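Trainee: Structure, please.
(2 chains)
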Amino acid sequence: MGYVAVQGGVTAIESSQKLNRYLRLRGESAPLSVNQIMDQMGPLVDRVMGEGGLYSPFHAALAIKQASGDPIEAAFLLRAYRATLRRLVDSLPVRTEEMRILRRISSAFKTIPGGQVLGSTSDYEQRILDFSLAEETVETQREAVREFEAGLGDHGEPLSPGHFRKVVDMLRDQGLVPPVPPRSDAPPTDVTQESATFPLDRSGRLQMLARAETGGVLALAYSSMRGYGSIHPTVGELRVGRVRVQIPHPWRKGRAVTLGSAAITEVEIVASFHRSEGEAKPTFSLGYGSCFGHNEVKAISLGVLDRAMRSPTPGAPAEDHEFVLLHTDGVESSGFCSHFKLPHYVTFQADLDRLRTQRGVEE
Amino acid sequence: MTLQELLPRGKGFRYNFAFVDEGVKKEVRRALLKAVALPGHQVPFASPELPIARGWGTGGLQVTMSIIGPNDVLKIIDQGCDGSVNAVNLRKLLVATTGVRTTFDSREATVLQSRHRLPEIPLRADQIAVLQVPLPEPLRLVEPSEVETRRMHSEGDYARMWVSLYEDIVRNGSISLTSGYPCRVNETYIMSPSPLPRWDLPLLHDAEHLTLLGAGREKRVYAVPPHTSVRPLEFDDMPFAVEDFSGMICARCGSSGTFLDEIYDEKSGEPSRVCSDSGFCDLVLQGAIPRRGRRAHG
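Mentor: Residues are numbered from 1 along each chain as shown, chains lettered A, B, ... in the order given. Next up is the predicted model:
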């Protein structure tokens, strides 16, 4: 065993893991159950599912518990688990126009067909620390639930599909946004099955964005919003709701089997207009973002970045495919960032040797 | 022998032999075959997440997981040392999922996974070196874009690399690149030799053994097959030189002519030198091999 080990490689790792566990448990508060995390930390669970690339609230909540609440670490645990799962079948494209809506807003028009549905949001809450939460008990919890459900009346159901059209389609009818590009029969890129190569097609880009770290995409989208290649975005429509997940029927050709539903956030950004090549008149440009669960900041950022990356005259960082996509994956960036804590004795020795050589210093 | 028999059994064990599933292994092996056929060329692969963080050896790990069999003998080192925490951690994962025998003696290993070093004792034809690579693209130094560097490789357009080395000499008197020094492989592609120190590059050139390099985060594998030329970039009048440890000896085994790490006494702060290759150093101390008295190469 080498001398670093003599200083305690094996024992040190084990002791460090024990310390981790001890620090999580020593407060002696009641153990946090996975159910509690699923129930009471919805946005965190959603974020971890999105960045972890696996739609499973249970596994995401378990990862959050294991990571003591660190979202990047939890997403990493989930991705590593995901990589061990067998890939059974490609699902059919999700039809978001048939989403069962929990929330739907447009910043483009005051009224839209079907209406604006505020749903659950903290957008219009005053961010004042609520000290009563520190006193919450099972009784107060039950009372609040009972009270809310009693006041629901007929409004308890999510709005059904078929109620209204997408805002962007209304604009499309008027020729104000480009027509839907012809659907390609080529299978979409799958960045989990092959390494992304650039230029990456849009399916690959949207996929990488969907798994990207929320803070990372927010920072780059924000740089665009602030003026580094601004695209003047308007939230044409933001929807939160459940979509059906379907796969092709195993033997009945053309039929589909519904596996269940998944909650997603979807955003369509209407951005600065320009005249596309071969078009007589200018139109608005569009950006699209969607991610697992309820994560509006991420979905809007994705919509802005999707549009920014299709800029006809790219120049800003947020418009550069490689810059955006290769630097926003939380598992990759955090892994590489923390790897600098590994020993670099050999490489640093090589640096020292070169510096001393160039300084001409005799040892 | 069936695959089922090869799987390690244990309480709660629910993973495939060598952790990743057979589909992942197949893909990595296909990429490796291509990499061996095109020495120094970076071949993309899917690189799924492992339970080890990106940047901590996931590329090397996937290569090892894809080539290792139940009868292999494994050595894992980090910065030359078997006992380094990251080596311990990777070894734990591979042993738990394969049950293979491990060794600290590089001569016994059939698969040797390493970060930043090759063993001082040159590897044989029946051994495979797997190197963990953080940044596989040598041209990143002069070009940030992947599209552009791939074009440069495919066209053999290395002019900017040469110009940057020339400018380095003009500014600094010699080439400042230290570990991961760019090499021309098989007189074709320029390759980043993991971040091996300059010291190890002669061990890659015309070697008996196969070297496989894996970059997990960047999703690339590449290879140096046996008896392939690996030439550090140099100018006729400005030859490549390895690190200079002349006049220094290892404070443990007394060898000179090995890559020597600089260490400082924890109490007195006095500097001394020890072999970076702890396995080599231990073998000398045990009397299994003679102390090295001169530079092995370079």
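
Trainee: where does residue A:247 fall, helix, sheet strand or coil?
Mentor: Secondary structure, DSSP: H, G, I helix; E, B strand; the rest coil: residue A:247 is strand.

Trainee: Count the neighbours of it for me.
Mentor: 14 (other Cβ atoms under 10 Å in any protein chain shown). (Glycine included, C-beta is placed from N, CA and C.)

Trainee: Go ahead and confirm it touches residue A:255.
Mentor: No - using Cβ atoms under 8 Å, residue A:247 is not in contact with residue A:255; the gap is 10.3 Å.

Trainee: Find the nearest non-adjacent residue to residue 224, please.
Mentor: Picked chain A for this. Sequence neighbours aside, residue A:318 is the residue nearest to residue A:224 in space, at 3.9 Å (criterion: Cβ to Cβ, 6 or more residues apart in numbering or on different chains).

Trainee: Oops, wrong one, chain B.
Mentor: Using Cβ to Cβ, 6+ apart, the closest residue to residue B:224 is residue B:211 (4.3 Å).

Trainee: Correct me if wrong, but the one you found is in a helix.
Mentor: No - secondary structure of residue B:211 (three-state DSSP): strand, not part of a helix.

Trainee: which ones are touching it?
Mentor: B:128, B:129, B:130, B:131, B:204, B:223, B:224 (Cβ atoms under 8 Å, 6 or more residues apart in numbering or on different chains).

Trainee: redo that, cut-off 10 Å
Mentor: B:36, B:39, B:112, B:114, B:118, B:123, B:128-131, B:193-194, B:196, B:203-204, B:222-226, B:228, B:230 (Cβ atoms under 10 Å, 6 or more residues apart in numbering or on different chains).

Trainee: Could you list the low-pLDDT ranges of chain B?
Mentor: Along chain B, segments meeting pLDDT under 70 span B:1-14, B:294-298.

Trainee: hey, where'd the helices end up in it?
Mentor: B:3-6, B:22-37, B:58-67, B:85-98, B:146-155, B:159-172, B:201-204, B:278-285 (DSSP state H).

Trainee: between those, which one is nearest to residue A:62?
Mentor: Across the helices of chain B, residue A:62 has its closest neighbour in helix B:85-98 (20.0 Å, Cβ to Cβ).

Trainee: Taking helix B:58-67 as reference, get the angle to that closest one.
Mentor: 30 degrees (axes from the mean of the first three to the mean of the last three Cα atoms, to 10 degrees).

Trainee: pull the CA atoms of helix B:85-98 into PDB?
Mentor: C-alpha atoms of helix B:85-98 as PDB (Å, rounded to 0.1, in the frame of the first residue of the first chain):
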ATOM      1  CA  VAL B  85      -8.600   8.400  -2.100                       C
ATOM      2  CA  ASN B  86     -10.000   8.500  -5.600                       C
ATOM      3  CA  ALA B  87      -8.200   5.300  -6.600                       C
ATOM      4  CA  VAL B  88      -9.500   3.700  -3.400                       C
ATOM      5  CA  ASN B  89     -13.000   4.800  -4.300                       C
ATOM      6  CA  LEU B  90     -12.900   3.600  -8.000                       C
ATOM      7  CA  ARG B  91     -11.400   0.300  -7.000                       C
ATOM      8  CA  LYS B  92     -14.200  -0.200  -4.400                       C
ATOM      9  CA  LEU B  93     -16.800   0.200  -7.100                       C
ATOM     10  CA  LEU B  94     -15.100  -2.100  -9.600                       C
ATOM     11  CA  VAL B  95     -14.400  -4.800  -7.000                       C
ATOM     12  CA  ALA B  96     -18.000  -4.600  -5.700                       C
ATOM     13  CA  THR B  97     -19.400  -5.000  -9.200                       C
ATOM     14  CA  THR B  98     -16.900  -7.500 -10.700                       C
END
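
Trainee: quick one: residue B:174 and residue B:235, what's the gap?
Mentor: To residue B:235, residue B:174 is 10 Å away according to Cβ to Cβ, to the nearest Å.

Trainee: tell me the domain ranges of the chain?
Mentor: Answering for chain A, as no chain was given. A:15-82, A:96-130+A:158-328 (automatic domain parsing).

Trainee: That was the other one, I meant chain B.
Mentor: B:15-136+B:183-232, B:138-172, B:244-298.

Trainee: ok, which stretches of chain A are helices?
Mentor: Under DSSP H, chain A gives helices at A:3-6, A:9-25, A:34-40, A:42-52, A:57-66, A:71-82, A:138-150, A:167-173, A:202-211, A:214-226, A:296-308, A:321-325, A:330-339, A:345-359.

Trainee: quick revisit: is it possible to get the domains of chain A out as CSV so that each row also shows mean pLDDT?
Mentor: Listed next are these as CSV, based on pLDDT from 0 to 100:
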stretch, mean pLDDT
domain A:15-82, 95
domain A:96-130+A:158-328, 90
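
Trainee: So for residue B:68, which of the ones you listed sits nearest?
Mentor: Of the domains of chain A, nearest to residue B:68 by Cβ to Cβ is domain A:15-82, at 19.1 Å.

Trainee: what residues does the stretch 201-350 of chain A put near chain B?
Mentor: Listed as neighbours of chain B in the stretch 201-350 of chain A under the rule Cβ under 10 Å from any Cβ of the partner chain: A:320-323, A:326, A:329-350.

Trainee: winner for burial among the helices of chain B?
Mentor: helix B:58-67 (a mean of 26; mean count of other Cβ atoms under 10 Å in any protein chain shown).

Trainee: neighbours around residue A:272, how many?
Mentor: 14.

Trainee: so it touches residue A:310, yeah?
Mentor: No - assessed by Cβ atoms under 10 Å, residue A:272 is found out of contact with residue A:310, at 11.7 Å.

Trainee: shared neighbours, those two?
Mentor: In contact with both residue A:272 and residue A:310: A:231, A:285, using Cβ under 10 Å, 6+ apart.

Trainee: Report the closest residue of the stretch 101-250 of chain A relative to chain B.
Mentor: Minimum separation of the stretch 101-250 of chain A from chain B (Cβ to the nearest Cβ) falls at residue A:195, amounting to 3.3 Å.

Trainee: thought that residue was touching residue B:59?
Mentor: No - if you go by Cβ under 10 Å, residue A:195 and residue B:59 don't touch, sitting 11.0 Å apart.

Trainee: Quick check: chain neighbours aside, which residue is closest to residue B:210?
Mentor: residue B:128 (5.1 Å).

Trainee: which strand residues sit across from the one you found in the sheet?
Mentor: residue B:111, residue B:210 (DSSP bridges).

Trainee: What count of nearby residues applies to it?
Mentor: Count around residue B:128 with other Cβ under 10 Å applied: 21.

Trainee: measure it to residue B:134 for me?
Mentor: In terms of Cβ to Cβ, residue B:128 sits 20 Å off from residue B:134.

Trainee: and what of residue A:194?
Mentor: From residue A:194 to residue B:134 the distance is 21 Å (Cβ to Cβ).

Trainee: Have a look at the two and say which one is more surrounded.
Mentor: Taking residue A:194 and residue B:134 together and counting by other Cβ under 10 Å, residue B:134 has the greater number of neighbours (24 against 15).
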